[in-house]
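*Asks:* any chance you can model this:
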Amino acid sequence: MVIANLISYILVLTGALNWGLYGIFNFNLVSAIFTGPRTVGAIIIYSLIALAALWLIISPIITNGALKLMGHREVRDTRA
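*Replies:* Numbers count the residues shown, from 1 in each chain. Predicted coordinates:
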């Protein structure tokens, strides 16, 4: 679950960066990488970003409001 959340955050941030670049500079990063906005690679990336956004919406509902980004850590009592 933690890995899915981290990957989703990275993909959603990539999508947000792409929208920002497109809005400010009229430069589509994904289209530039895949040499066209409707190539197979670009469509796959856009779909993965959309699925990642849906995951970040659904994940807290599944886990009762907790969106984990770190694994479970053991807390040690260092008092003697």
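
*Asks:* and the pLDDT at Leu69?
*Replies:* We have a pLDDT of 69 for Leu69.

*Asks:* so which elements touch the strand or helix carrying Thr14?
*Replies:* Applying DSSP states H and E as the criterion places Thr14 in helix 2-25. Counting contacts by 3 or more CB pairs under 8 Å, 6 or more residues apart in numbering; DSSP states H and E, helix 2-25 packs against helix 29-33, helix 40-62. Yep, even glycine has a C-beta here, placed from its N, CA and C like the rest.

*Asks:* angle of that helix against helix 40-62?
*Replies:* 120 degrees (axes from the mean of the first three to the mean of the last three CA atoms, to 10 degrees).

*Asks:* in this structure, which ranges drop under the pLDDT threshold?
*Replies:* For the chain, the stretches flagged by pLDDT under 70 are 69, 71-80.

*Asks:* could you redo the last one with a cut-off of 90?
*Replies:* Applying pLDDT under 90 to the chain picks out residues 1-5, 37, 59-80.

*Asks:* tell me the most buried of the helices and strands packed on helix 2-25?
*Replies:* Of all the helices and strands packed on helix 2-25, helix 29-33 has the most neighbours on average by mean count of other CB atoms under 10 Å, namely a mean of 17.

*Asks:* how far is that one from where the chain is centred?
*Replies:* Centroid displacement of helix 29-33 relative to its chain, using CA atoms, centre = their mean, to the nearest Å, is 17 Å.

*Asks:* mind exporting it as PDB, just the C-alpha atoms?
*Replies:* Listed next in PDB are the C-alpha coordinates belonging to helix 29-33 (Å, rounded to 0.1, in the frame of the first residue of the first chain):
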ATOM      1  CA  LEU A  29       6.200  17.600 -21.500                       C
ATOM      2  CA  VAL A  30       4.600  14.300 -22.100                       C
ATOM      3  CA  SER A  31       3.900  15.100 -25.800                       C
ATOM      4  CA  ALA A  32       7.500  16.200 -26.100                       C
ATOM      5  CA  ILE A  33       8.900  13.000 -24.700                       C
END
